[in-house]
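**Student:** Pasted the sequence and its predicted model underneath.
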Amino acid sequence: MRSIVDVHFPGLKKELLSAAMKTFYEVRGLPGLKKKPSTSELLDWLKLLVAEDIPLEALQSKDDKIAVPPLVGALLKNEQDVTLFEKLVFMQRHNR
């Protein structure tokens, strides 16, 4: 996956890519999604993160809990999946 991203974003900072990939795979691994994010969604999301100059800190969770990442709609194209994701994050926060 990194080699594909490198082709599209050759100058992307390694720290940003690592944080984005971690978030991407966390979202992708969530149960119940109708459409798991694919390479295309990852590239779209990275393009937005770079264009909006989203800081690395916005992608990193301070306590290892899944947080709602910035511009998550680019990863989750289905509104039901966005709603499900937000519910899962909410439930995880209140169960710890």
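**Tutor:** Now that the structure is in, tell me what you want to look at.
**Student:** Tell me which stretches of the chain form helices.
**Tutor:** 2-8, 14-28, 39-51, 79-94 (DSSP state H).
**Student:** looking at these, which is closest to residue 70?
**Tutor:** helix 39-51 (7.1 Å; C-beta to C-beta). Placement of C-beta: from N, CA and C, glycine included.
**Student:** Can you pull out the residues in contact with that closest one?
**Tutor:** 1, 4-5, 8-9, 12, 16-17, 20-21, 24, 37, 54, 59, 70-71, 74-77 (C-beta atoms under 8 Å, 6 or more residues apart in numbering).
**Student:** again, only using 7 Å
**Tutor:** Contact with helix 39-51 is made by 1, 4, 5, 8, 9, 20, 24, 71, 74, 75, 77, as judged by C-beta atoms under 7 Å, 6 or more residues apart in numbering.
**Student:** hmm, back to that, will you turn the helices of the chain into TSV that also has mean neighbour count and mean pLDDT?
**Tutor:** Shown next, in TSV, are the helices of the chain (neighbours: other C-beta atoms under 10 Å; pLDDT from 0 to 100):
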stretch	mean neighbour count	mean pLDDT
helix 2-8	11	93
helix 14-28	16	92
helix 39-51	17	95
helix 79-94	14	84
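**Student:** so how far is stretch 80-95 off the chain centroid?
**Tutor:** Mean-position distance between stretch 80-95 and its chain equals 14 Å (C-alpha atoms, centre = their mean, to the nearest Å).
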